[in-house]
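K.L.:
I'd like to go over a predicted model; first the sequence, then the structure.
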Amino acid sequence: MINTQTIHIIKAERRQRQRRWLLVNSLLVMLGLVLCSTMLLLGNTIYSIDVVIRTLMGESIDGASFAINTIRLPRMLAGLLAGFAFGIAGNVFQTMLRNPLANPEILGITAGSSAAALFCILVLQTSNAVVSMSSLVAGLVTVMLIYGFARIGTFSTGRLILIGISFQAMLGAFISYLQLIGRQEDLSAALRWLSGSLNGSQLDAVIPLLIGIAICAPIVIGLSRHLSILELGDQAAVALGLNTNVTRILLIVSSVCMIALATSVTGPIAFVAFLAGPIAKRLIGGSSSSVIPAGLLGMNLVLGADLLGQFAFGTRFPVGIITGVLGAPFLLFLLIQMNRRGNL
């Protein structure tokens, strides 16, 4: 009798978690649709929904066609895709390394992609395709070096984070050097890109990011259960029959590809990869997979922050400045929480 009651309780709790997961994702999708629509409607000229729909369907309307198809649509897609990529990738590293501070920014992965992209922009002055490819390769090389150094001796999450911080500092110095030697006429664009910006987004730059997410995101989502097992630790994961090395490599490569491609399009948008995962876990509860909610939350953070940066103040700010202002207090709150729990 007790066993039957226990099974019913477990099933009821599982159904409740599933309903909560679906509710949170549905609300995040609806919020994303509202933000996407708002980005297409608002600007120097406010267009009606009817005009936006007709323009997107291919009808040529004076003024509206250029503003919507050439400026607002690429900007919206860049924010949507980059936010989704940063959110998922940040959640993967935080969950896999069992530390909310272990996001791509602190680990130096974003800095590696940024340094390569900036080198192509300021020194080589290459096309967007070369910038994307170099950013991708540099991100992968950076994470391999960090992981390789962390494997020397006894591997630990703390050791990996410290090595990542060291790489971030080194690459940050290289980025500063590139700004010093870059041409004066290129510096304003480079600084705007470094702050994380959707300004000047173009469809030809967004397409590689879309393809990368279409390939990598399903891999990460498909391995989300394995990711939850990795969170238990390597010994527990191996005992449950998981091939930890293959799973970790697939997750890392897929995440770094998305981070690098997103960084090549929008620049390093501050704190999105850091914020999305912890907030998503609080929304859905700790026992459900937070991969998709983190991606949706990252998408909404970037879109919402860009709208605030464009219209909430007298001066227009890049999206990275707004996310930085939002993320800094959350980082302090998280550090205080971790310190109280004895995790620092």
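P.N.:
Yep, that arrived.

K.L.:
show me the shaky parts of the stretch 201-344 of the chain.
P.N.:
286-287, 338-339, 341-344 (pLDDT under 70).

K.L.:
tell me where it has helices.
P.N.:
Remark: helices assigned in the stretch 201-344 of the chain by DSSP state H, counting those that start in this stretch are 203-222, 224-230, 234-239, 244-266, 272-284, 291-311, 319-341.

K.L.:
could you do the stretch 51-200 of the chain as well?
P.N.:
64-65, 73-96, 109-119, 128-151, 157-181, 184-194.

K.L.:
compare the ones you listed and give me the one nearest Asn243.
P.N.:
For Asn243, the closest of those is helix 73-96, at 14.2 Å, according to Cβ to Cβ. Where you see a C-beta, it was placed from the backbone N, CA and C, and this is true even at glycine.

K.L.:
what angle do the closest one and helix 319-341 make?
P.N.:
Between the axes of helix 73-96 and helix 319-341, defined by axes from the mean of the first three to the mean of the last three Cα atoms, to 10 degrees, the angle is 20 degrees.

K.L.:
need the CA coordinates for helix 73-96. CSV is fine.
P.N.:
Taking Å, rounded to 0.1, in the frame of the first residue of the first chain, the C-alpha atoms of helix 73-96 are listed here in CSV:
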residue,chain,number,x,y,z
LEU,A,73,14.6,42.2,-39.5
PRO,A,74,18.4,41.4,-39.5
ARG,A,75,18.7,43.2,-36.2
MET,A,76,15.9,41.2,-34.7
LEU,A,77,17.2,37.9,-36.1
ALA,A,78,20.7,38.6,-34.8
GLY,A,79,19.4,39.3,-31.3
LEU,A,80,17.1,36.3,-31.3
LEU,A,81,19.7,33.8,-32.5
ALA,A,82,22.7,35.2,-30.6
GLY,A,83,20.7,35.3,-27.3
PHE,A,84,19.5,31.8,-27.8
ALA,A,85,23.1,30.6,-28.5
PHE,A,86,24.6,32.4,-25.5
GLY,A,87,21.8,31.2,-23.2
ILE,A,88,22.1,27.5,-24.2
ALA,A,89,26.0,27.5,-24.2
GLY,A,90,26.2,29.3,-20.9
ASN,A,91,23.8,26.8,-19.3
VAL,A,92,25.8,23.9,-20.7
PHE,A,93,29.1,25.0,-19.1
GLN,A,94,27.5,26.0,-15.8
THR,A,95,25.7,22.6,-15.5
MET,A,96,28.6,20.5,-16.7
